[in-house]
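# with the input below, show me the fold.
(2 chains)
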Amino acid sequence: MYGYLTQIFQDALAAIGAEDAHLVFESPKVESHGDAATNVAMTLSKKLGKPPRTIAESIIAALNYDTTLVYAVEIAGPGFINIRLSARYFTNGLQGLLDEGAAYGANTSGAGKRANVEYVSANPTGPLHPGHARNTMLGDCIANLYRWSGYGVTREYYFNNAGNQMNNLARSIHARYRQLLGEKDYPFDEENGYKGAYIFTIAEELVKSAGDSLKEPTDENLSVCRKKGEEWCFASILNTLARLNVKHDVFFNEHSLYADGKITETVGLLRDKGLVYEQDGATYIRTSELGLEKDRVIIKSTGEPTYRLPDMAYHAIKCQRGDDIIVDIFGSDHAEVSKEVVAGVKALGYDTTKIHIILHQMVRFVKDGAEYKLSKRNGEQYTLDDLMDDVGVDVVRYFYSMRSADTQLVFDINLAQEQSDKNPVFYLQYAHARCANLFAKAQEKGVTIETYTSLDLLIHPAETALIKTLLKFPLVVQRATQNLEPHTIADYLRDVAAALHVFYHECRILDAEPLLMNARFALTRATQTVLKNGLAILGVNAPDKM
RNA sequence: GCGCCCGUAGCUCAGUUGGAUAGAGCAACAGCCUUCUAAGCUGUGGGUCACAGGUUCAAGUCCUGUCGGGCGUGCCA
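A predicted model of the protein is given here:
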């Protein structure tokens, strides 16, 4: 939107010998401040040793612009330069929007580059619960943003089907299996075991397929339980993700790191750097020498690595792949670990500046005004599937995408369940459906709109306000990508919907004069396009009817 | 104790990388449907931006401290 302005201002700045100035435009909150404003004169004050307003005057004097696009340029306040654009500037932009259509909002800043986004990465020890959705949505939307910025994107899922957690799963299943065979008092590890009802489901399937042949808790039988559990849980997770319309390109099994010797290799490399020592039978990494709080165990005295070590080996592999950007999504409980992993990978000599770690705060659930616990004492648990059943996929996707990652978000189950105007996602979808409905109505009446010819007629305040909002979309996408903040898309789309509703309310479309009707349909199509494209980034449907 | 994240309207949250008069939704109140979808629009009330200092032309935003919350501080992940 500020492309032309940037160009003419850069020329003017060069003319006064300040070509390296930091030039930024913003859209003023107050209408009397014009359509675009820059504080560049104030930022130059110190460097040039002149008062801001004087600098602003010389910039304006050096400014050459097309008067059919720029209506007025003036100095205001302490030294702001306010620019008022002419209607033509906006209608040109609107025409560009219509020409780009489904691609409007995309940019090519990532052309030829590759981004790897790792998210979800839940181990196959149970169904996904609503807390997992935050990680999932952040990752999925960020991956979408990279795609809109022209990157080649790989969506990756890292999982571990070995180790302690899986052993617990196997023992839990086996205990439930024995209980189902009639031994009601067969001991279940209440402290470490998985208490969910799904464990009974898995055990029941084992009873059906294997009878009582797995009765003894031998390594062999437990391994059958583990395998069955893994398959069941993974199927459950993939099914949930499919409902959410989340699809990964790569599933990376932690176990492969052992098979390929990457674990031993990584320890060896760290040892060569003098970063490894033994104590009390365990192997430590000197993270305290890498700027962190203390040293950490990477191999337990039992000989098993802790989660840090495979994570380091995994990230080393990710760094070797040649992606330009590597994104990891973690809950804030992984904050310390992620620092350790990055420090370790950096110590191995990799460029860790391309690793971006998104830490998100936890989600609290509220129902009927009180804290809602996802897992009950009796082993029953509220899953992400349950949540989708209760509120719908679009609501889930939107609610988890609408907040910044660093807020401790409160998920109000009642509000999400509300199929009414209280629910913010419907506000956006309704706006899109309204646009679609206008075209449907036009078709009914036999009105055909093939080309848009008279955009200059769009001069109603509600129309220009809407156009201005629509033209910000590419900038919003760019910023959201750069900052890895998908929630700004959700915020922006609310503005678009609000502007559309005002336009719809104040301007008749179908019964306007033919030329004006044509122009208003152009604006309607443009709005529909932005809503659809924006919702696509969030992965939320844009229905034609509601 | 220490580290990280946070504290903005009654509630849930934005806040354009330090800009002009701090915004939105919900909740409350008052209006608008014989007219393209009222899941909409318009208006009103609601704030010591946790608190105290500091940095500068300018601070919700940056720095320091205090208070309050979350998460870490495992040879769990």
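# so which helix or strand takes in residue A:434?
helix A:424-444 (DSSP states H and E).
# which elements pack onto the following helix or strand past that helix?
Note on helix A:424-444: by DSSP H and E, the next helix or strand toward the C-terminus is helix A:461-470. Contacts defined by 3 or more C-beta pairs under 8 Å, 6 or more residues apart in numbering; DSSP states H and E place helix A:461-470 against helix A:87-100, helix A:487-506, helix A:514-538. Heads up, the C-betas are built off the backbone N, CA and C, glycines and all.
# what is the neighbour count of residue A:348?
19 (other C-beta atoms under 10 Å).
# that one is in contact with residue A:268, isn't it?
No. Here residue A:348 lies out of contact with residue A:268, judged by C-beta atoms under 8 Å, at a distance of 10.7 Å.
# contact partners for the spatially closest residue to residue A:478 that is not a sequence neighbour?
Counting by C-beta to C-beta, 6 or more residues apart in numbering, residue A:107 is the residue found nearest to residue A:478 once chain neighbours are left out, at 5.7 Å. Neighbouring residues of residue A:107 by C-beta atoms under 8 Å, 6 or more residues apart in numbering: A:148, A:149, A:150, A:474, A:477, A:478.
# farthest pair in those?
A:150 and A:474 (12.2 Å; C-beta to C-beta).
# which residues are common contacts for those two?
A:106, A:107.
# quick one: residue A:278 is in a strand?
Yes. Under DSSP: H, G, I helix; E, B strand; the rest coil, residue A:278 sits within a strand.
# got the domain boundaries for chain A?
A:3-85, A:114-159+A:247-360, A:164-243, A:424-538 (automatic domain parsing).
# hmm, back to that, nearest to residue A:26, of the helices and strands packed on helix A:461-470?
helix A:487-506 (14.6 Å).
# for the closest one, give the mean pLDDT please.
Per-residue pLDDT over helix A:487-506 has a mean of 95.
# relative orientation of it and helix A:461-470 in degrees?
160 degrees (axes from the mean of the first three to the mean of the last three C-alpha atoms, to 10 degrees).
# what packs against helix A:487-506?
Packed next to helix A:487-506, using 3+ C-beta pairs under 8 Å, 6+ apart, are helix A:393-401, helix A:424-444, helix A:461-470, helix A:473-483, helix A:514-538.
# tilt between the second one and helix A:487-506?
Okay, so that is helix A:424-444. 50 degrees.
# same question for the fourth one.
Between the axes of helix A:473-483 and helix A:487-506, defined by the same axes, to 10 degrees, the angle is 160 degrees.
# from residue A:474, how far off is residue A:333?
Separation of residue A:333 from residue A:474 (C-beta to C-beta, to the nearest Å): 36 Å.
# which of these two has more neighbours?
Set residue A:333 next to residue A:474 and count neighbours by other C-beta under 10 Å: residue A:474 wins out with 21 against 10.
# check the more buried one and give its pLDDT.
95.
# leaving out chain neighbours, which residue sits closest to it?
Per C-beta to C-beta, 6+ apart, closest to residue A:474 is residue A:105, 5.3 Å.
# what's the answer for residue A:415, then?
Closest to residue A:415 by C-beta to C-beta, 6+ apart is residue A:422, at 6.3 Å.
# same question for residue A:273.
residue A:347 (5.9 Å).
# can you check residue A:375 too?
Leaving aside its sequence neighbours, residue A:375 sits nearest to residue A:381 (C-beta to C-beta, 6+ apart; 4.3 Å).
# ok, now residue A:141?
residue A:486 (3.5 Å).
# same question, residue A:325
Residue A:325's closest residue in space is residue A:115 (C-beta to C-beta, 6+ apart), at 4.1 Å.
# burial of the one you found, as a residue count?
Other residues close to residue A:115 by other C-beta under 10 Å number 25.
# low pLDDT regions in the stretch 351-500 of chain A?
For the stretch 351-500 of chain A, applying pLDDT under 70 flags the ranges A:377.
# make it 80
Filtered on pLDDT under 80, the stretch 351-500 of chain A yields the residue ranges A:368-370, A:375-380, A:418-422, A:448-450.
# interface residues of it facing RNA strand B?
Residues of the stretch 351-500 of chain A lying near RNA strand B by C-beta under 7 Å from any atom of the strand: A:359, A:361-362, A:402-404, A:406-410, A:412, A:415, A:419-424, A:426-427, A:430, A:433-434, A:436-438, A:441, A:479, A:482-483, A:485, A:487-488, A:491, A:494, A:497-498.
# the residue nearest to residue A:415 and residue A:327, how far apart?
For residue A:422 relative to residue A:327 (C-beta to C-beta), the value is 33 Å.
# of these two, which one has the most company?
In this view residue A:422 and residue A:327 are compared by other C-beta under 10 Å, and residue A:327 has more residues nearby, 23 against 12.
# hang on, isn't the more buried one packed against residue A:115?
Yes. Residue A:327 is within contact range of residue A:115, at 6.7 Å (criterion: C-beta under 8 Å).
# the residue nearest to residue A:141: neighbouring residues, count only.
Residue A:486, neighbours per other C-beta under 10 Å, totals 27.
# show me the contacts for it.
Per C-beta under 8 Å, 6+ apart, neighbours of residue A:486: A:137, A:138, A:141, A:142, A:144, A:145, A:401, A:480, A:537, A:538.
# residues contacting residue A:328?
So residue A:328 contacts A:118, A:338, A:355, A:356, A:357, A:358 (C-beta under 8 Å, 6+ apart).
# buried stuff in stretch A:30-43?
Buried residues in stretch A:30-43, counted by 16 or more other C-beta atoms under 10 Å: A:33, A:34, A:35, A:36, A:37, A:38, A:39, A:40, A:41, A:42, A:43.
# swap that for stretch A:342-351, sorry
A:342, A:343, A:344, A:345, A:346, A:347, A:348, A:350.
# in terms of helices and strands, where is the fifth one?
In other words, residue A:346. Take DSSP H and E as the rule and residue A:346 turns out to sit in helix A:335-347.
# the following helix or strand past that helix pairs with which strands, and in what direction?
Later in the chain than helix A:335-347, the nearest helix or strand by DSSP H and E is strand A:355-360. When pairing is defined by DSSP bridges, strand A:355-360 lines up against strand A:325-331 (parallel).
# now do the partner strand, average pLDDT.
According to the model, strand A:325-331 has a mean pLDDT of 95.
# quick check: angle from it to helix A:335-347?
150 degrees.
# chain center to strand A:325-331: distance?
11 Å (C-alpha atoms, centre = their mean, to the nearest Å).
# what do you get for stretch A:277-286?
Here stretch A:277-286 is found 38 Å from its chain centre; the criterion is C-alpha atoms, centre = their mean.
# figure out the length between the terminal residues of it.
8 Å (C-alpha to C-alpha, to the nearest Å).
# outside of it, which residues touch it?
Here stretch A:277-286 makes contact (C-beta under 8 Å, 6+ apart) with A:267, A:270, A:274-276, A:295-301, A:308, A:340, A:344.
# next, see if that stretch gets close to RNA strand B.
Yes. Stretch A:277-286 comes into contact with RNA strand B (C-beta under 7 Å from any atom of the strand), by way of A:279, A:280, A:281, A:282.
# show me what the first one bridges to in the sheet.
Applying DSSP bridges to residue A:279 gives these bridge partners: residue A:282.
# what about it, neighbour count?
Other residues close to residue A:279 by other C-beta under 10 Å number 10.
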